[in-house]
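Q: any chance you can model this:
(chains A and B)
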Amino acid sequence: MDSRLANSWRLTVNEKNFIKTALQSEIRIDGRKPYEYRKISIKFGRDDGSSEVQLGQTRVMGIVTTQLVQPYRDRPNEGTLSIFTEFSPMADPSFEPGRPGESAVELGRIVDRGLRESRAIDTESLCVLAGKLVWAIRIDLHILDNGGNLVDASNIAALSALLTFRRPECSLGGEDGQQVIVHPPEVKEPLPLTVHHLPIAITFGFFNDESISVIDPTHNEEAVMSGRMTATVNANGDICAIQKAGGEGVTQRVIMQCLQLAIAKATGITKQIKEAVEVYNTERSLRKIKRHPTSVGTIVQGGQTQTSGKEGVSESPGNHIERLKQLSGETCTSQSSEERKTTSTDGNAKNLIRGPTTWDPYSKGVGPELLKTSLASQGTSMPNEKQDLRNEKKPGEAEVEGHHPEDANPGSSAINESLTGLQTKKERTLEDAVKPKSKRKKKASSKTGAS
Amino acid sequence: MEYVSHDGLRIDGRRPTEMRQLRAQIGNVSKADGSAVFEMGNTKVIAAVYGPREVQNKSQQISDHALVRCEYSMANFSTGDRMRKPKGDRRSTEISLVIRQTMEACILTHLMPRSQIDIFVQVLQADGGELEFISRTRSACINAATLALADAGIPMRDIVTSCSAGYLNSTPLLDLNYTEDSAGGPDVTVGILPKLDQVTLLQMDAKLPVDIFENVMQLAIEGCKAIENYIREVLLENTKQLEYRRGL
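A: Numbers count the residues shown, from 1 in each chain, chains lettered A, B, ... in the order given. Next up is the predicted model:
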């Protein structure tokens, strides 16, 4: 299209003739049949609303962002949708940086018409305050590699990005109910957009001789073809938009044939997009589950349920700090000697590494001043212990893991074993660890009684 | 809102298959090689053609056929609210591209290598006020450009005529006006080469099932053929005038 630029690449006459001759025998140079699509692969980024589509050699990236703006005056309770295209010069030597050229504008408008006029996105649900604030959805399409048929790839990228996009939830507040509070994603789960149907763009290329038409032209075929038509259809058999901007004239019959073909192809592509989005959504919800450390923390404090030791350790430093505080509080109230303090923390810290236990740290009713002072005193000694414990971890752990599935009180048995392990180093570990807590003593005694 | 009454009359009193009034004049811009003014109802467009002439930018010269350039702009006073940016915005760029490619298909460019043909189209009056709904100017622009090219004597395969049709209240309607267009229903713009019976321009927006689309497109093509008759009459009349002035 922009063949006037100095950097444009032109096919040789021989290559053009070769392509045309091959088409007369219904063979395309990349081995496809005339009405065969290239392989589509859809990938998503980590953030919501970003997708990368690869159609053969063509690669397009779509990103969706949103912002609160004032609505148009004639549509006060509808959100807006705008599409921006960027034809990156790395995609093709004829693309120039800066203002979009004619083909960039045309591509943007084809995708825009397909989405906006056919009402694929529900814009009324984007209204926050009628006449004052609405969500403006902005789709950015970046062309990364031009292997032909940019329109179709961009359309798929825009659709996949829109399907995986989540907009923040907002509510009205303030004195007069006019203030809008936007909730960040950590506070309230962001919402997906309402998409009524998926308009898929299918491009046809027409050639000079005997009305040959192909679907999904490659870059080389685009240089040879004399006319193109993009039909945006959805899987329900509706035509959402057609763009045939001049070029070779074709008969009405050919146009209707192409439309029927487009509808047939659209169902396949719609299925593919939906499948890819499904995979992404399940992955996303799985990610969300692992993201919350506080839930594991509560499990630890309750001390009722078991989790595997390793997971408890790897989970969260926040959890770790909480338990340190509890430990230090306990050691203070114990009023043991320095050595004993260290040994008890030793044992408890080791306990920490292994995982949640069944003892109840709040049974002693630790006061905040004690916590503060203990933290200050323990600050230096703790790291040293950690070093030792890391070394000790392995042998002790093997023992512990054997016991984990068995008992309701693996914690105390763990302590026992670990402490026995440590006994070579510090003699009075077992008694000192057990002594200050009355409950613990009972448990230990019950344990010894049972065993 | 009812766009087609029980008697089958539209808002402006037309029948569903009736076009708006057409008016065309040739030779308005004396400096240009060819020019024309085309009116379709309330939409008025002027087109001027310069060429074939020497290519201004040597780097864009094509050795085996002519370079066709097209520029579409809207006059500031063409709409109800004064337009801030008459050209260079995305809509104008797209329509320029559309007109250029449509005319390129019908001009016999291989007869004029290394030369340039410029088509300038300006909308003087656009039916209605809102920017988004001014797609009807596309048809008028193409018809005006065809007339101007014919006036300039540029060899063409066939004349290109264009017309639009829509679908409201379950009826296909020919040649929508502003009120009908702003209803948000589908709008099909077709440009054909009448003698060759080929469709060169086809643009559609808003949703439409396939079978209804076929009917609407057929109606638009009929409209194009009617415009073709009118254009041929105008050209014939113009030629008679030229003969008369030359004393033939």
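
Q: now do the contacts for the residue nearest the centre of chain B.
A: For chain B, the residue nearest the mean C-alpha position is B:I142 (2.4 Å; Cα atoms, centre = their mean). Each residue near B:I142 by Cβ atoms under 8 Å, 6 or more residues apart in numbering or on different chains is listed here: B:99, B:102-103, B:160-162, B:191, B:201. Every C-beta, even on glycine, is put in place using the N, C-alpha and C of the backbone.

Q: near chain A, which of those residues show up?
A: The residues of those that also fall near chain A, by Cβ under 8 Å from any Cβ of the partner chain, are B:99, B:102-103, B:191, B:201.

Q: out of those residues, which comes closest to chain A?
A: Among the ones next to chain A among the contacts of B:I142, B:T102 lies closest to chain A (Cβ to the nearest Cβ), at 3.5 Å.

Q: thinking again about what came up before, among the contacts of B:I142, which are in helices?
A: B:99, B:102-103 (DSSP state H).

Q: thinking again about what came up before, hang on, the residue nearest to the centre of chain B in a strand?
A: No - going by DSSP: H, G, I helix; E, B strand; the rest coil, the assignment for B:I142 is helix, not a strand.

Q: out of everything not next to it in sequence, what's closest to it?
A: The shortest distance from B:I142 to any non-neighbouring residue, by Cβ to Cβ, 6 or more residues apart in numbering or on different chains, is to B:S162 (4.0 Å).

Q: equivalent analysis for A:K39, please.
A: Nearest one to A:K39, counting by Cβ to Cβ, 6+ apart, is A:G56 at 6.6 Å.

Q: residues near the one you found, how many?
A: 20 (other Cβ atoms under 10 Å in any protein chain shown).

Q: quick one: the closest residue to A:F95 other than its chain neighbours from chain B, how far?
A: Setting aside the residues directly before and after it, A:F95 is nearest to A:F87 in space (Cβ to Cβ, 6+ apart), at 4.3 Å. According to Cβ to the nearest Cβ, to the nearest Å, A:F87 and chain B sit 13 Å apart.

Q: I figured A:F87 hits A:A104, correct?
A: Yes - the criterion here is Cβ atoms under 8 Å, and A:F87 meets it with A:A104 at 4.7 Å.

Q: what's the least confident helix or strand in chain B, going by average pLDDT?
A: Sorting the helices and strands of chain B by mean pLDDT, DSSP states H and E puts helix B:178-181 at the bottom, at a mean of 82.

Q: packing partners for that helix?
A: strand B:161-168 (3 or more Cβ pairs under 8 Å, 6 or more residues apart in numbering or on different chains; DSSP states H and E).

Q: re earlier: mind listing what's buried in the least confident helix or strand of chain B?
A: In terms of neighbour count (16 or more other Cβ atoms under 10 Å in any protein chain shown), helix B:178-181 has its buried residues at B:178, B:180-181.

Q: same question, stretch A:59-79
A: Residues of stretch A:59-79 classed as buried by neighbour count (16+ other Cβ under 10 Å): A:59-64, A:66, A:68, A:71, A:78-79.

Q: of all these, which two lie farthest apart?
A: Farthest pair in the buried residues of stretch A:59-79 (Cβ to Cβ) is A:R59 and A:P71. Separation: 34.7 Å.

Q: and stretch A:91-108, average pLDDT?
A: Over the span of stretch A:91-108, the pLDDT mean works out to 85.

Q: which parts of that stretch are buried?
A: Judged by neighbour count using 16+ other Cβ under 10 Å, the buried positions of stretch A:91-108 are A:91-92, A:94-96, A:100-108.

Q: tell me which of those fall in strands.
A: Using DSSP state E, no member of the buried residues of stretch A:91-108 sits in strands.

Q: so B:R69 sits against B:I119, correct?
A: Yes - using Cβ under 8 Å, B:R69 makes contact with B:I119 at a distance of 7.0 Å.

Q: shared neighbours of those two, which are they?
A: What both B:R69 and B:I119 touch, as defined by Cβ under 8 Å, 6+ apart, is the set B:R100.

Q: these two: which has the busier surroundings?
A: B:I119 (29 against 19).
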